[in-house]
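S.K.: sequence and predicted structure below; questions after.
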Amino acid sequence: VWTKVVLVIFIVAFQECQSFSTTKLVALRRDAFSHDSKHRRVKAVRLSQNGGGDVASVLDGNQKVNTPVNGVTLKIATDKQGGVADLSSEKSDRFTCSTSLDMVHRLRRCSDAVLVGKATVVEDDCSLTVRRVPLEIVDNNEGPLEQDIKSKEKPQKRRQQPVRVVIDPRKTLDLSKYTIAQDGLPTIVVHMNPSCVRYTSDKFPNVEFLGLPPRIESESEMEPSSTLSSEDICEKLGSLFGIQHLMVEGGPQTANSFLREGMVDRAIIVRAPVSFGKPLLWEPWSSSLKSSPLEAAGLVCVGTEMSGVDTIEYWSRPGKGWPSDPNPLSSWP
(Lines give C-alpha, C1' and ligand atoms only; values in the text may rest on other atoms or scores of the structure.)
Protein backbone atom coordinates (compact mmCIF):
# COMPACT_ATOMS: atom_id res chain seq x y z
CA VAL A 1 0.00 0.00 0.00
CA TRP A 2 2.73 2.40 0.98
CA THR A 3 4.49 1.63 -2.27
CA LYS A 4 1.40 2.61 -4.27
CA VAL A 5 0.95 5.83 -2.26
CA VAL A 6 4.57 6.86 -2.87
CA LEU A 7 4.25 6.05 -6.57
CA VAL A 8 1.09 8.22 -6.92
CA ILE A 9 2.73 11.14 -5.08
CA PHE A 10 5.79 10.84 -7.33
CA ILE A 11 3.68 10.88 -10.52
CA VAL A 12 1.63 13.92 -9.42
CA ALA A 13 4.76 15.83 -8.43
CA PHE A 14 6.42 15.02 -11.72
CA GLN A 15 3.41 16.26 -13.73
CA GLU A 16 3.23 19.50 -11.74
CA CYS A 17 6.92 20.15 -12.27
CA GLN A 18 6.66 19.48 -15.99
CA SER A 19 3.62 21.76 -16.29
CA PHE A 20 5.41 24.54 -14.40
CA SER A 21 8.53 24.24 -16.58
CA THR A 22 6.52 24.34 -19.82
CA THR A 23 4.44 27.31 -18.67
CA LYS A 24 7.53 29.20 -17.56
CA LEU A 25 9.29 28.50 -20.89
CA VAL A 26 6.31 29.74 -22.91
CA ALA A 27 6.09 32.86 -20.74
CA LEU A 28 9.78 33.56 -21.19
CA ARG A 29 9.48 33.18 -24.97
CA ARG A 30 6.44 35.50 -25.02
CA ASP A 31 8.29 38.13 -22.96
CA ALA A 32 11.31 37.94 -25.22
CA PHE A 33 9.18 38.32 -28.36
CA SER A 34 7.27 41.27 -26.88
CA HIS A 35 10.48 42.99 -25.86
CA ASP A 36 12.00 42.47 -29.30
CA SER A 37 8.89 43.80 -31.06
CA LYS A 38 8.77 46.86 -28.83
CA HIS A 39 12.45 47.50 -29.47
CA ARG A 40 11.99 47.31 -33.23
CA ARG A 41 8.97 49.64 -33.16
CA VAL A 42 10.81 52.27 -31.09
CA LYS A 43 13.80 52.08 -33.42
CA ALA A 44 11.59 52.61 -36.47
CA VAL A 45 9.79 55.59 -34.91
CA ARG A 46 13.07 57.25 -33.99
CA LEU A 47 14.38 56.93 -37.51
CA SER A 48 11.20 58.46 -38.92
CA GLN A 49 11.29 61.37 -36.51
CA ASN A 50 14.94 62.06 -37.17
CA GLY A 51 14.41 62.06 -40.94
CA GLY A 52 17.11 59.41 -41.33
CA GLY A 53 14.87 56.87 -42.98
CA ASP A 54 11.51 55.17 -42.67
CA VAL A 55 10.21 51.81 -41.54
CA ALA A 56 11.19 50.23 -44.87
CA SER A 57 14.75 51.49 -44.33
CA VAL A 58 14.91 49.79 -40.95
CA LEU A 59 13.74 46.48 -42.36
CA ASP A 60 16.43 46.70 -45.05
CA GLY A 61 19.45 46.79 -42.78
CA ASN A 62 19.39 50.53 -42.04
CA GLN A 63 19.91 51.36 -45.71
CA LYS A 64 17.93 54.05 -47.49
CA VAL A 65 15.27 52.66 -49.80
CA ASN A 66 13.97 54.82 -52.62
CA THR A 67 10.21 54.73 -53.03
CA PRO A 68 9.14 54.71 -56.70
CA VAL A 69 7.07 57.70 -57.77
CA ASN A 70 4.40 56.87 -60.37
CA GLY A 71 1.39 58.58 -61.90
CA VAL A 72 1.04 62.16 -63.11
CA THR A 73 2.73 65.21 -61.59
CA LEU A 74 1.45 68.59 -62.77
CA LYS A 75 3.58 71.74 -62.50
CA ILE A 76 1.94 75.14 -62.82
CA ALA A 77 3.65 78.55 -62.68
CA THR A 78 1.67 81.71 -61.95
CA ASP A 79 2.49 85.39 -61.55
CA LYS A 80 1.41 87.53 -58.61
CA GLN A 81 -2.03 88.06 -60.19
CA GLY A 82 -2.51 84.34 -60.72
CA GLY A 83 -1.82 84.53 -64.45
CA VAL A 84 -0.47 81.32 -65.91
CA ALA A 85 2.58 81.14 -68.11
CA ASP A 86 2.94 78.50 -70.78
CA LEU A 87 4.44 76.27 -68.07
CA SER A 88 7.50 75.06 -69.96
CA SER A 89 9.81 77.38 -67.97
CA GLU A 90 12.28 77.49 -70.85
CA LYS A 91 12.61 81.26 -70.68
CA SER A 92 14.15 82.22 -67.36
CA ASP A 93 12.69 85.73 -67.40
CA ARG A 94 9.37 84.15 -66.41
CA PHE A 95 10.85 83.34 -63.03
CA THR A 96 12.90 85.59 -60.79
CA CYS A 97 14.15 82.67 -58.71
CA SER A 98 16.80 80.24 -59.96
CA THR A 99 15.84 77.87 -57.14
CA SER A 100 12.44 77.34 -58.77
CA LEU A 101 14.06 76.66 -62.12
CA ASP A 102 16.34 74.08 -60.53
CA MET A 103 13.29 72.41 -59.00
CA VAL A 104 11.64 72.15 -62.43
CA HIS A 105 14.71 70.42 -63.84
CA ARG A 106 14.87 68.03 -60.88
CA LEU A 107 11.24 67.14 -61.55
CA ARG A 108 12.07 66.47 -65.19
CA ARG A 109 14.97 64.30 -64.11
CA CYS A 110 12.82 62.00 -61.98
CA SER A 111 10.11 61.73 -64.67
CA ASP A 112 9.94 59.14 -67.43
CA ALA A 113 8.39 61.72 -69.76
CA VAL A 114 7.55 65.43 -69.90
CA LEU A 115 4.29 66.33 -71.64
CA VAL A 116 3.25 69.65 -73.18
CA GLY A 117 0.67 70.89 -75.64
CA LYS A 118 1.36 72.10 -79.15
CA ALA A 119 1.07 75.78 -78.17
CA THR A 120 3.93 75.45 -75.69
CA VAL A 121 6.25 74.17 -78.42
CA VAL A 122 5.21 76.97 -80.79
CA GLU A 123 5.67 79.63 -78.11
CA ASP A 124 9.01 78.49 -76.70
CA ASP A 125 10.68 76.06 -79.11
CA CYS A 126 11.38 74.19 -75.87
CA SER A 127 13.74 71.25 -75.51
CA LEU A 128 12.20 69.98 -72.23
CA THR A 129 15.56 68.44 -71.26
CA VAL A 130 17.39 68.31 -67.93
CA ARG A 131 20.16 70.91 -67.99
CA ARG A 132 20.34 72.80 -64.69
CA VAL A 133 21.01 69.70 -62.54
CA PRO A 134 23.21 66.66 -63.21
CA LEU A 135 21.73 63.46 -64.60
CA GLU A 136 23.96 61.18 -62.49
CA ILE A 137 22.26 59.20 -59.73
CA VAL A 138 23.80 57.04 -57.05
CA ASP A 139 21.87 53.81 -57.62
CA ASN A 140 19.25 52.19 -59.82
CA ASN A 141 16.27 52.89 -57.55
CA GLU A 142 13.88 55.66 -58.49
CA GLY A 143 12.34 57.86 -55.83
CA PRO A 144 12.30 60.97 -53.74
CA LEU A 145 15.83 60.72 -52.33
CA GLU A 146 18.25 63.49 -53.24
CA GLN A 147 19.93 62.60 -56.51
CA ASP A 148 22.63 65.29 -56.61
CA ILE A 149 24.86 63.25 -54.30
CA LYS A 150 28.20 62.31 -55.86
CA SER A 151 30.27 59.61 -54.19
CA LYS A 152 33.53 58.08 -55.37
CA GLU A 153 32.77 54.98 -53.32
CA LYS A 154 29.56 54.10 -55.17
CA PRO A 155 29.22 53.38 -58.90
CA GLN A 156 27.10 55.96 -60.69
CA LYS A 157 24.60 55.34 -63.42
CA ARG A 158 23.91 58.05 -65.98
CA ARG A 159 20.19 58.61 -66.26
CA GLN A 160 18.62 59.19 -69.67
CA GLN A 161 16.84 62.38 -70.64
CA PRO A 162 13.05 62.11 -70.22
CA VAL A 163 10.96 61.36 -73.29
CA ARG A 164 9.20 64.46 -74.66
CA VAL A 165 5.47 64.06 -75.35
CA VAL A 166 3.67 66.68 -77.44
CA ILE A 167 -0.11 66.75 -77.82
CA ASP A 168 -0.88 67.93 -81.35
CA PRO A 169 -4.53 66.86 -81.85
CA ARG A 170 -4.81 67.73 -85.56
CA LYS A 171 -1.14 67.06 -86.38
CA THR A 172 -0.50 70.56 -87.70
CA LEU A 173 2.84 71.21 -85.98
CA ASP A 174 5.66 71.81 -88.45
CA LEU A 175 8.32 69.74 -86.69
CA SER A 176 11.11 70.97 -88.97
CA LYS A 177 11.02 74.32 -87.14
CA TYR A 178 11.47 73.02 -83.60
CA THR A 179 14.26 71.63 -81.44
CA ILE A 180 12.43 68.56 -80.22
CA ALA A 181 12.49 67.03 -83.72
CA GLN A 182 16.10 67.99 -84.45
CA ASP A 183 18.14 67.10 -81.35
CA GLY A 184 17.94 63.31 -81.70
CA LEU A 185 16.30 62.73 -78.29
CA PRO A 186 13.16 60.55 -78.01
CA THR A 187 9.92 62.40 -78.73
CA ILE A 188 6.31 61.24 -79.03
CA VAL A 189 3.70 63.27 -80.89
CA VAL A 190 0.12 62.35 -79.99
CA HIS A 191 -2.67 63.18 -82.44
CA MET A 192 -6.24 62.20 -83.25
CA ASN A 193 -6.81 59.21 -85.49
CA PRO A 194 -9.81 56.94 -86.15
CA SER A 195 -7.92 54.01 -84.65
CA CYS A 196 -4.91 53.53 -82.39
CA VAL A 197 -1.74 53.59 -84.50
CA ARG A 198 1.96 53.89 -83.70
CA TYR A 199 4.47 54.75 -86.41
CA THR A 200 7.67 56.62 -87.28
CA SER A 201 8.87 58.93 -90.05
CA ASP A 202 12.17 58.81 -91.93
CA LYS A 203 12.25 62.61 -91.90
CA PHE A 204 12.28 62.74 -88.09
CA PRO A 205 13.98 59.54 -86.86
CA ASN A 206 13.81 60.52 -83.18
CA VAL A 207 10.04 61.08 -83.28
CA GLU A 208 7.34 58.47 -82.84
CA PHE A 209 3.74 59.27 -83.69
CA LEU A 210 0.83 57.96 -81.68
CA GLY A 211 -2.64 58.26 -83.15
CA LEU A 212 -5.58 57.83 -80.79
CA PRO A 213 -9.35 57.91 -81.39
CA PRO A 214 -10.86 61.19 -80.15
CA ARG A 215 -13.59 61.49 -77.60
CA ILE A 216 -16.68 63.52 -78.44
CA GLU A 217 -17.01 66.63 -76.25
CA SER A 218 -20.05 68.15 -77.95
CA GLU A 219 -22.63 66.35 -80.08
CA SER A 220 -24.12 69.55 -81.45
CA GLU A 221 -25.00 69.15 -85.15
CA MET A 222 -24.05 72.77 -85.79
CA GLU A 223 -20.61 72.56 -84.18
CA PRO A 224 -19.45 69.04 -83.28
CA SER A 225 -16.36 68.95 -81.11
CA SER A 226 -13.93 66.17 -80.32
CA THR A 227 -10.62 66.01 -78.50
CA LEU A 228 -8.01 63.64 -77.18
CA SER A 229 -8.57 62.14 -73.74
CA SER A 230 -5.81 62.52 -71.16
CA GLU A 231 -6.90 59.19 -69.70
CA ASP A 232 -6.36 57.47 -73.05
CA ILE A 233 -3.01 59.20 -73.46
CA CYS A 234 -1.78 58.02 -70.05
CA GLU A 235 -2.98 54.48 -70.67
CA LYS A 236 -1.18 54.19 -74.01
CA LEU A 237 2.01 55.88 -72.79
CA GLY A 238 2.15 53.26 -70.05
CA SER A 239 1.20 50.18 -72.05
CA LEU A 240 3.07 50.98 -75.27
CA PHE A 241 6.08 53.00 -74.05
CA GLY A 242 6.52 51.90 -70.44
CA ILE A 243 6.08 55.41 -69.05
CA GLN A 244 5.13 55.21 -65.36
CA HIS A 245 5.78 58.76 -64.11
CA LEU A 246 4.56 61.57 -66.35
CA MET A 247 5.28 65.25 -65.75
CA VAL A 248 2.70 67.63 -67.27
CA GLU A 249 4.45 70.95 -67.84
CA GLY A 250 2.16 72.91 -70.14
CA GLY A 251 0.17 74.62 -71.26
CA PRO A 252 -2.94 75.69 -69.34
CA GLN A 253 -5.41 73.94 -71.65
CA THR A 254 -3.45 70.72 -71.31
CA ALA A 255 -3.28 71.16 -67.52
CA ASN A 256 -7.02 71.71 -67.35
CA SER A 257 -7.67 68.61 -69.45
CA PHE A 258 -5.68 66.40 -67.06
CA LEU A 259 -7.31 68.01 -64.01
CA ARG A 260 -10.82 67.76 -65.47
CA GLU A 261 -10.45 64.03 -66.12
CA GLY A 262 -8.98 63.41 -62.66
CA MET A 263 -5.66 62.16 -63.99
CA VAL A 264 -3.38 64.32 -61.79
CA ASP A 265 -1.92 62.56 -58.74
CA ARG A 266 0.03 65.54 -57.42
CA ALA A 267 0.62 69.17 -58.39
CA ILE A 268 3.31 71.76 -57.75
CA ILE A 269 2.11 75.39 -57.94
CA VAL A 270 4.87 77.99 -58.24
CA ARG A 271 3.69 81.52 -57.42
CA ALA A 272 6.26 84.09 -58.54
CA PRO A 273 6.18 87.73 -57.33
CA VAL A 274 6.34 89.02 -60.91
CA SER A 275 3.91 89.80 -63.71
CA PHE A 276 4.04 87.61 -66.80
CA GLY A 277 2.12 90.21 -68.79
CA LYS A 278 -0.94 89.99 -70.98
CA PRO A 279 0.52 87.77 -73.74
CA LEU A 280 0.99 84.96 -71.23
CA LEU A 281 -2.45 85.02 -69.69
CA TRP A 282 -4.61 82.10 -70.62
CA GLU A 283 -8.22 81.27 -69.95
CA PRO A 284 -9.65 79.83 -67.80
CA TRP A 285 -6.79 80.51 -65.36
CA SER A 286 -6.07 84.10 -66.36
CA SER A 287 -8.18 86.05 -63.85
CA SER A 288 -6.65 84.30 -60.85
CA LEU A 289 -5.47 80.84 -59.90
CA LYS A 290 -8.00 79.71 -57.34
CA SER A 291 -7.83 76.37 -55.59
CA SER A 292 -11.15 75.23 -57.05
CA PRO A 293 -9.76 73.51 -60.20
CA LEU A 294 -7.32 71.56 -58.03
CA GLU A 295 -9.93 70.73 -55.40
CA ALA A 296 -12.44 69.77 -58.10
CA ALA A 297 -9.80 67.34 -59.40
CA GLY A 298 -9.74 65.65 -55.98
CA LEU A 299 -6.48 67.21 -54.76
CA VAL A 300 -5.73 68.70 -51.35
CA CYS A 301 -2.97 71.13 -50.38
CA VAL A 302 -0.46 69.27 -48.20
CA GLY A 303 1.78 72.26 -47.51
CA THR A 304 3.45 75.46 -48.65
CA GLU A 305 7.14 76.40 -48.67
CA MET A 306 9.27 79.26 -49.93
CA SER A 307 11.64 78.73 -52.85
CA GLY A 308 13.78 81.82 -52.83
CA VAL A 309 11.30 84.63 -53.50
CA ASP A 310 8.71 82.25 -54.96
CA THR A 311 5.98 80.47 -53.02
CA ILE A 312 5.43 76.81 -53.80
CA GLU A 313 2.22 74.95 -52.98
CA TYR A 314 2.19 71.14 -52.88
CA TRP A 315 -1.03 69.33 -53.75
CA SER A 316 -1.73 65.60 -53.61
CA ARG A 317 -4.54 63.08 -53.57
CA PRO A 318 -5.97 62.47 -50.08
CA GLY A 319 -4.14 59.73 -48.23
CA LYS A 320 -1.18 59.63 -50.62
CA GLY A 321 0.91 62.30 -48.92
CA TRP A 322 4.02 63.60 -50.66
CA PRO A 323 6.81 61.42 -52.14
CA SER A 324 9.36 62.84 -49.68
CA ASP A 325 7.37 61.89 -46.55
CA PRO A 326 8.42 62.00 -43.76
CA ASN A 327 11.11 64.41 -44.93
CA PRO A 328 10.32 68.07 -45.83
CA LEU A 329 8.11 68.67 -48.88
CA SER A 330 10.95 70.40 -50.71
CA SER A 331 13.02 67.20 -50.51
CA TRP A 332 11.15 66.03 -53.62
CA PRO A 333 11.72 66.60 -56.42
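M.R.: Perfect, I can see it now. Numbers count the residues shown, from 1 in each chain.
S.K.: and the nearest residue to Ser226 once chain neighbours are set aside, how many neighbours?
M.R.: Nearest non-adjacent residue to Ser226, counting by C-beta to C-beta, 6 or more residues apart in numbering: Pro214, 3.8 Å away. Yep, even glycine has a C-beta here, placed from its N, CA and C like the rest. The tally of other residues near Pro214 (other C-beta atoms under 10 Å) stands at 18.
S.K.: with Val84 instead?
M.R.: Under the neighbour criterion other C-beta under 10 Å, Val84 is assigned a count of 24.
S.K.: then Leu101?
M.R.: 22.
S.K.: hang on, it is in a helix, isn't it?
M.R.: Yes - using DSSP: H, G, I helix; E, B strand; the rest coil, the secondary structure at Leu101 is a helix.
S.K.: does the residue nearest to Ser226 really touch Thr227, like I thought?
M.R.: Yes - Pro214 lies in contact with Thr227 (C-beta atoms under 8 Å); the separation is 5.9 Å.
S.K.: give the residues shared as contacts by these two.
M.R.: Jointly contacting Pro214 and Thr227 under the rule C-beta atoms under 8 Å, 6 or more residues apart in numbering are 169, 192.
S.K.: quick check: closest non-adjacent residue to Thr179.
M.R.: Excluding the flanking residues, the one nearest Thr179 by C-beta to C-beta, 6+ apart is Ser127, at 4.9 Å.
S.K.: wait, doesn't the one you found sit right on Ala181?
M.R.: No - using C-beta under 8 Å, Ser127 is not in contact with Ala181, being 10.9 Å away.
S.K.: pick out whichever of those two has more residues nearby.
M.R.: Neighbours were counted for Ser127 and for Ala181 using other C-beta under 10 Å; Ala181 has more, 23 against 18.
S.K.: need phi/psi at the more buried one.
M.R.: For Ala181, the backbone dihedrals (degrees, to the nearest 10) come out as phi -100, psi 0.
S.K.: residues touching it, list them.
M.R.: Counting by C-beta under 8 Å, 6+ apart, Ala181 touches 175, 187, 204, 206-207.
S.K.: chain neighbours aside, what residue packs nearest to it?
M.R.: Per C-beta to C-beta, 6+ apart, closest to Ala181 is Leu175, 3.7 Å.
S.K.: the one you found against Pro205, yeah?
M.R.: No - taking C-beta under 8 Å as the definition, Leu175 is not a contact partner of Pro205, at 11.6 Å.
S.K.: between the two, which one's more packed in?
M.R.: Per other C-beta under 10 Å, whichever of Leu175 and Pro205 has more neighbours is Leu175, with 19 against 10.
S.K.: distance check, the residue nearest to Ala181 against Gly211.
M.R.: To Gly211, Leu175 is 15 Å away according to C-beta to C-beta, to the nearest Å.
S.K.: over to Gly242?
M.R.: Note on Gly242: its distance to Gly211, by C-beta to C-beta, is 19 Å.
S.K.: of these two, who's got more company?
M.R.: Using other C-beta under 10 Å as the criterion, Gly242 and Gly211 rank with Gly211 on top: 19 against 10.
S.K.: picking up where we left off before, which residues are in contact with the residue nearest to Ser226?
M.R.: So Pro214 contacts 169, 192, 226-229 (C-beta under 8 Å, 6+ apart).
S.K.: reformat those as JSON lines; add pLDDT and distance to Ser331.
M.R.: Shown next, in JSON lines, are the contacts of Pro214 (pLDDT from 0 to 100; distance: C-beta to C-beta, whole Å):
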{"residue": "Pro169", "pLDDT": "95", "distance to Ser331": "37"}
{"residue": "Met192", "pLDDT": "96", "distance to Ser331": "40"}
{"residue": "Ser226", "pLDDT": "80", "distance to Ser331": "42"}
{"residue": "Thr227", "pLDDT": "89", "distance to Ser331": "37"}
{"residue": "Leu228", "pLDDT": "95", "distance to Ser331": "34"}
{"residue": "Ser229", "pLDDT": "96", "distance to Ser331": "33"}
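S.K.: can I get these in a markdown table including neighbour count?
M.R.: Shown next, in a markdown table, are the contacts of Pro214 (neighbours: other C-beta atoms under 10 Å):
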| residue | neighbour count |
| --- | --- |
| Pro169 | 15 |
| Met192 | 17 |
| Ser226 | 14 |
| Thr227 | 15 |
| Leu228 | 22 |
| Ser229 | 17 |
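S.K.: next step: those restricted to strands.
M.R.: Of the positions in the contacts of Pro214, 192, 226-227 sit in strands, assigned by DSSP state E.
S.K.: which among those gets closest to Asn256?
M.R.: Set against Asn256, the nearest of the ones in strands among the contacts of Pro214 by C-beta to C-beta is Thr227 (11.4 Å).
S.K.: and Leu107, that's in a helix?
M.R.: Yes - the assignment for Leu107 is a helix, going by three-state DSSP.
S.K.: and which of the contacts of Pro214 is nearest Trp322?
M.R.: Using C-beta to C-beta, Ser229 is the member of those that lies nearest Trp322, at 27.5 Å.
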